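*Asks:* have a look at this prediction, sequence included:
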Amino acid sequence: MDTVVTRFPPSPTGYLHIGGARTALFNWLYARKTGGRFILRIEDTDEARSTKESVDAIFKSLEWLGIDWDEGPFFQTQRYDIYKEYINKLVASGHAYYCDCSPEEVNAMREKAKSLGKKPMYNGKCRELNKEWKPGMVVRLKAPAMGTTVVEDVVKGNTAFPNSELDDFIIQRSDGSPMYNLAVVVDDITMGINTIIRGDDHLVNTPKQMLIYKALEAPLPLFAHVPMVLGSDKARLSKRHGAMSVSEYMDMGYLPDAMLNYLVRLGWSFGDQEFFRREELIEKFSLEHIGRSPSMFDMDKLTAINAKHIQDKSSSELAPIFSAHLAKREIALPDTQDNHDGDTKRVEKIIETLQPRSKTMVEMADAAIFYFRESIEFEEKAAKKFINSDAVELLKLSARYIKELKPDEFTEKNLEDAMKKVMEETGLKFGKIAQPLRVALTGGTVSPGIFEMILALGQKKTVERIQKAIEHIQ
Ligand code: GLU
C-alpha cells in the first residue's frame, strides 16, 4: 500500500473532548505505526459556532497529549476557492446542476414524498433542465436513483444504503458556500488522505461522500468507523459522566501517557493487556483490533492506569509536571539552602517518596506541600496525641542525633542507626518514636516512609521542625 495518510478534522465549536481525542489518537497511532503522515484540519465552516478559543484549546490539548501533526493545521474557511473549483468541475462534467427551486417548493416535494410513505426528499425537478447559474441558486449533486451504495468498512464490515433514499443533495448553498460533505471530500482528496478513521456517528454521511468521490473519479479511502464512547450507564458520553474535555484531565493531574493508554483502550485491544507505554502503542496498534461494540468510559479505570504510569516514570520525567502543579499552589520551587545535592535532585527525591502512593499529580502535589512550607501547622488531633510531654525526650534525642551527622553522613543507614540509639535510650519501640516524629515533620500522621521523607526534607529542615515541635510542647 502507498504511504498511509490519516487526518483529524475537528470542528472548533468547543474544547477537545474525550471522543475527539480518541479519534485523533487512532489516526495518529496508525500514521506513526505505518510510517505514514497525519494531517490536522480545522473544520470551521460553521462560522457562527467556531471560535478562536476552541481552535487554541484543541491545539493545546493535542500538544499536551503529544499528538503531533505532519501537515496543517489547514482551515476550511481558507479553502473556499478550492471547493468552488471542484463544484464547478462537477457541474461542467454533468455530475451536478444548478437549482432554483424555492424552499417552499422543496418543502412541498418533501411532504409529498412523505405522504407516499417515502423518505422526505427533493424530487429532481431541475436535474435535466440545464439551468444557467443565477445568484441565489444552489448546486445539487446528481445522485443515482437506483441501486445501493455499499460502505466497506474495516471495523463494521459492509453497510448497504439504498440509493433510492438519497436525493440530489445540495453541495453548494445559495450564498455560494460549500456544504459540509463536499468540503470534507474535496479536502480528503486534495490532501491525499487514504485512511479515514472516525466516529460511527459519521457513517450516515459516508454514502453521500462516496457519491462525490465517484463523481470526481477519485479513489475511495479506507474507512474505519469506530463505535462511540458511552458513559457507564450506556448513554452517550456527556458531562454528567465526568469531565469531558481533555484539558480538564491535564488540570486534574493525569499524565498524557496515561490518557493515551486509557483512550486507546476505549475501542482497541491487544489481548487482555491494559498497560501500554507510548512506544508500545505505536508498535502494536492496528485497525484489525478495533472492536465493534461501543466502549464505556470509566473514571476509576483511568485513575488506576494513571497511578501505574506515575509509578512507571522516573522522578526526573515527573519533575516538570510536579513543579507546574506546585506552582498552582503558590509554591515556587525549593530553596537550596539545606539541600546538599542541588535543587533538582531534591525535588526528585521528594517525588520518589510520593510516587508509590499518588494516583494523580494533583494528589502528589497536595501531599508534597509539607516539604516546602516555611513552618508547618499541626493537625489538632495528631498534635494532642503525639506532640505532648511524653514525646519531649524522644524528640530531643532525635534532633540531637540527626544534627550530629555530617552532610555526607546524612544517609538512610545512619538515620536508622540514629533512631536505634533513640530507641535504646528511651526504651521505646520504633513505632512509638516514628509517629511523633512524623507529626513533628509533616503536621499529620500520614506521610511517606520516615527515613526517605527525612532524606527528602533535608537535614536542616528536619532538625528545625523537631525543635519547633519541642517548643510547641514547652
Ligand atoms: N468535523 C467532524 C467532527 O468534528 C469530523 C468529520 C470527519 O471525520 O469526516 O466530528
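*Replies:* Perfect, I can see it now. Numbers count the residues shown, from 1 in each chain.
*Asks:* in which helix or strand does A160 reside?
*Replies:* strand 157-162 (DSSP states H and E).
*Asks:* which residues does that strand contact?
*Replies:* Applying Cβ atoms under 8 Å, 6 or more residues apart in numbering, the set of residues contacting strand 157-162 from outside is 147-153, 203, 207. All C-beta spots, glycine's among them, are computed from the backbone N, C-alpha and C.
*Asks:* same deal with stretch 231-239?
*Replies:* 17-19, 228-230, 240-241, 244, 294, 296-298.
*Asks:* just the pLDDT at T344, thanks.
*Replies:* pLDDT for T344: 80.
*Asks:* correct me if wrong: it contacts A319.
*Replies:* Yes: using Cβ atoms under 8 Å, T344 is in contact with A319, at 7.0 Å.
*Asks:* contact partners for the closest residue to the ligand within the stretch 201-350 of the chain?
*Replies:* Relative to the ligand, the nearest point of the stretch 201-350 of the chain is H202 (5.3 Å; Cβ to the nearest ligand atom). By Cβ under 8 Å, 6+ apart, the contact list for H202 reads H225.
*Asks:* ok, now V106?
*Replies:* Y122.
*Asks:* ramachandran angles for it?
*Replies:* Backbone torsions of V106, given as degrees, to the nearest 10, read phi -60, psi -40.
*Asks:* what of V150?
*Replies:* Dihedral angles (degrees, to the nearest 10) for V150: phi -100, psi 120.
*Asks:* tally of neighbours for it?
*Replies:* 12 (other Cβ atoms under 10 Å).
*Asks:* who's it bridged to?
*Replies:* Residues in a beta bridge with V150, per DSSP bridges, are A160.
*Asks:* contact residues of this structure facing the ligand?
*Replies:* 9-11, 43, 184, 198, 202 (Cβ under 6 Å from any ligand atom).
*Asks:* out of those, which sit inside helices?
*Replies:* Among the residues of the chain next to the ligand, DSSP state H puts V184 in helices.
*Asks:* in the helix or strand containing R400, what counts as buried?
*Replies:* Following DSSP H and E, one finds R400 within helix 392-404. Under the neighbour-count criterion of 16 or more other Cβ atoms under 10 Å, helix 392-404 has 394-395, 397-399, 401-402 buried.
*Asks:* residue contacts, E348?
*Replies:* 315-316, 319.
*Asks:* and which of those is nearest to K84?
*Replies:* A319 (52.2 Å; Cβ to Cβ).
*Asks:* what's the neighbour count on the closest residue to that closest one other than its chain neighbours?
*Replies:* Leaving aside its chain neighbours, A319 sits nearest to V347 (5.4 Å; criterion: Cβ to Cβ, 6 or more residues apart in numbering). Residues lying near V347 (other Cβ under 10 Å) number 25.
*Asks:* how about P162?
*Replies:* 12.
*Asks:* related to what we said a few turns ago, in a markdown table: the contacts of E348, plus secondary structure.
*Replies:* Below are the contacts of E348 laid out as a markdown table (DSSP: H, G, I helix; E, B strand; the rest coil):
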| residue | secondary structure |
| --- | --- |
| S315 | helix |
| S316 | helix |
| A319 | helix |
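*Asks:* what's the PyMOL line that selects buried ones from the residues you listed?
*Replies:* To isolate the buried ones among these in PyMOL, judged by 16+ other Cβ under 10 Å, type:
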select buried, resi 315+319
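*Asks:* from the contacts of E348, which single one is nearest Y254?
*Replies:* A319 (16.8 Å).
*Asks:* if I look at the closest one, how far off is G157?
*Replies:* 48 Å (Cβ to Cβ, to the nearest Å).
*Asks:* can I get the contacts of stretch 231-239 in a markdown table with pLDDT and neighbour count?
*Replies:* Converted to a markdown table, the contacts of stretch 231-239 look like this (pLDDT from 0 to 100; neighbours: other Cβ atoms under 10 Å):
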| residue | pLDDT | neighbour count |
| --- | --- | --- |
| H17 | 94 | 20 |
| I18 | 95 | 23 |
| G19 | 95 | 21 |
| M228 | 94 | 16 |
| V229 | 94 | 23 |
| L230 | 93 | 19 |
| R240 | 84 | 9 |
| H241 | 84 | 19 |
| M244 | 89 | 19 |
| P294 | 94 | 16 |
| M296 | 94 | 15 |
| F297 | 95 | 20 |
| D298 | 94 | 15 |
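*Asks:* ok, back up a step: after the helix holding R400 comes which helix or strand?
*Replies:* helix 412-426.
*Asks:* got the CA positions of the helix or strand that that following helix is followed by in CSV?
*Replies:* Counting by DSSP H and E, the next helix or strand C-terminal to helix 412-426 is helix 430-442. Output of helix 430-442 as CSV, limited to C-alpha atoms (Å, rounded to 0.1, in the frame of the first residue of the first chain):
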residue,chain,number,x,y,z
PHE,A,430,10.3,2.2,66.7
GLY,A,431,6.5,2.8,66.1
LYS,A,432,6.3,4.9,69.3
ILE,A,433,9.1,7.1,68.0
ALA,A,434,8.2,7.3,64.4
GLN,A,435,4.7,8.7,64.9
PRO,A,436,5.6,11.8,67.0
LEU,A,437,8.5,12.4,64.6
ARG,A,438,6.1,12.2,61.6
VAL,A,439,3.7,14.7,63.2
ALA,A,440,6.6,17.0,64.1
LEU,A,441,7.9,16.9,60.5
THR,A,442,4.7,16.8,58.5
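*Asks:* the helix or strand following helix 430-442 vs helix 430-442, what angle?
*Replies:* As assigned by DSSP H and E, the chain's next helix or strand after helix 430-442 is helix 450-457. With axes from the mean of the first three to the mean of the last three Cα atoms, to 10 degrees defining the directions, helix 450-457 sits at 20 degrees from helix 430-442.
*Asks:* per-residue confidence at the residue of the stretch 201-350 of the chain closest to the ligand?
*Replies:* Reading off the model, H202 has pLDDT 96.
*Asks:* do you know how far it is from D46?
*Replies:* 15 Å.
*Asks:* please apply the same query to T195.
*Replies:* 25 Å.
*Asks:* quick one, which of the two is more surrounded?
*Replies:* More crowded of T195 and D46, by other Cβ under 10 Å: T195, with 22 against 13.
*Asks:* my guess is the more buried one meets L220, correct?
*Replies:* No: counting by Cβ under 8 Å, T195 sits too far from L220 to count as a contact (10.9 Å).
*Asks:* can I get the lowest-mean-pLDDT helix or strand in the chain in CSV? Just the C-alpha atoms.
*Replies:* Of all helical and strand segments in the chain, the minimum by mean pLDDT, DSSP states H and E falls on helix 343-354, at a mean of 91. Only the C-alpha atoms of helix 343-354 are listed here, as CSV (Å, rounded to 0.1, in the frame of the first residue of the first chain):
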residue,chain,number,x,y,z
ASP,A,343,17.5,21.7,43.7
THR,A,344,16.7,19.2,41.1
LYS,A,345,17.9,16.2,43.0
ARG,A,346,15.9,17.3,46.0
VAL,A,347,12.7,17.6,44.0
GLU,A,348,13.3,14.2,42.5
LYS,A,349,13.8,12.7,46.0
ILE,A,350,10.6,14.3,47.1
ILE,A,351,8.8,12.8,44.1
GLU,A,352,10.2,9.4,44.8
THR,A,353,8.8,9.4,48.3
LEU,A,354,5.3,10.1,46.9
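*Asks:* buried residues, the helix or strand following that helix. List them.
*Replies:* For helix 343-354, the following helix or strand on the C-terminal side (DSSP H and E) is helix 361-372. Across helix 361-372, burial judged by 16+ other Cβ under 10 Å covers 361-368, 370-372.
*Asks:* if anything else comes up later, I'll come back, but that's it for now.
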